[in-house]
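Participant: Only the shape, not the letters, is given here:
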């Protein structure tokens, strides 16, 4: 087995562990079935700077962790992170120089946040509409929940967490070869 693959596996395992642990210890805002935990997406966002494979591994690992430790809807929302994680990680691999362009990086961050929130809205809507929670009514409160809290709230949450991850990885890249930052420096 290659040293690099062991390194990637170890880093993935650490990020998965952090991804499951952070929601247990960080401050949380709960509004109905919507919840926002500071830094809960940071491990997955960090993985996106390394490789699409690591992003997939961390997304699947955290989803499985939440399946064991949280309500089913939370595990489904975590599983939906595969979509933005794969798209974002591939984009970073193709255009690593974006990390050195703050305005473009924030636009990328916004696009990822919109994809992130939109997929979570679809997952939560499907869960409720298919009878996942019979106590939820399907009136304007459902619209407010989905698009207000999970949609808009999710975009804001994602923007904050990705900026935290960017700060962490940028700082880490000064002492450690983070692939996207390394490619950005070379190209």
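Facilitator: Everything's here; your move. The structure displayed is predicted, hence computed values, not measured ones. Numbering: from 1, shown residues only.
Participant: correct me, but residue 98 touches residue 109?
Facilitator: No. Applying Cβ atoms under 8 Å as the test, residue 98 and residue 109 come out as separate, 9.8 Å apart. The C-beta positions use only the backbone N, C-alpha and C, and glycine is treated the same way.
Participant: Tell me the buried residues in the one helix or strand residue 47 maps to?
Facilitator: Residue 47 belongs to helix 42-48 when assigned by DSSP states H and E. Buried residues in helix 42-48, counted by 16 or more other Cβ atoms under 10 Å: 42, 43, 44, 45, 46, 47, 48.
Participant: how far out from the middle of the chain is that helix?
Facilitator: 7 Å (Cα atoms, centre = their mean, to the nearest Å).
Participant: with the buried residues of helix 42-48 in mind, which one is nearest to residue 72?
Facilitator: Nearest to residue 72 among these, counting by Cβ to Cβ, is residue 44 at 19.4 Å.
Participant: separation between the closest one and residue 145?
Facilitator: Distance check for residue 44 against residue 145: by Cβ to Cβ, to the nearest Å, it reads 24 Å.
Participant: List the contacts of stretch 63-77.
Facilitator: Identification of contacts with stretch 63-77 by Cβ atoms under 8 Å, 6 or more residues apart in numbering yields 16, 19-20, 23-24, 33, 35, 78-79, 81-82, 120, 123-124, 127, 132-133.
Participant: In that stretch, which residues are buried?
Facilitator: Judged by neighbour count (16+ other Cβ under 10 Å), stretch 63-77 contains these buried residues: 63, 65, 66, 70, 73, 74, 75, 76, 77.
Participant: For stretch 98-108, give the mean pLDDT please.
Facilitator: Across stretch 98-108, pLDDT averages out at 98.
Participant: Report the distance from that stretch to the chain centre.
Facilitator: Distance, centroid of stretch 98-108 to centroid of chain: 18 Å (Cα atoms, centre = their mean).
Participant: Do a quick rundown of the helices in the chain.
Facilitator: 3-25, 42-48, 52-69, 72-94, 102-129, 140-143, 153-172, 179-186 (DSSP state H).
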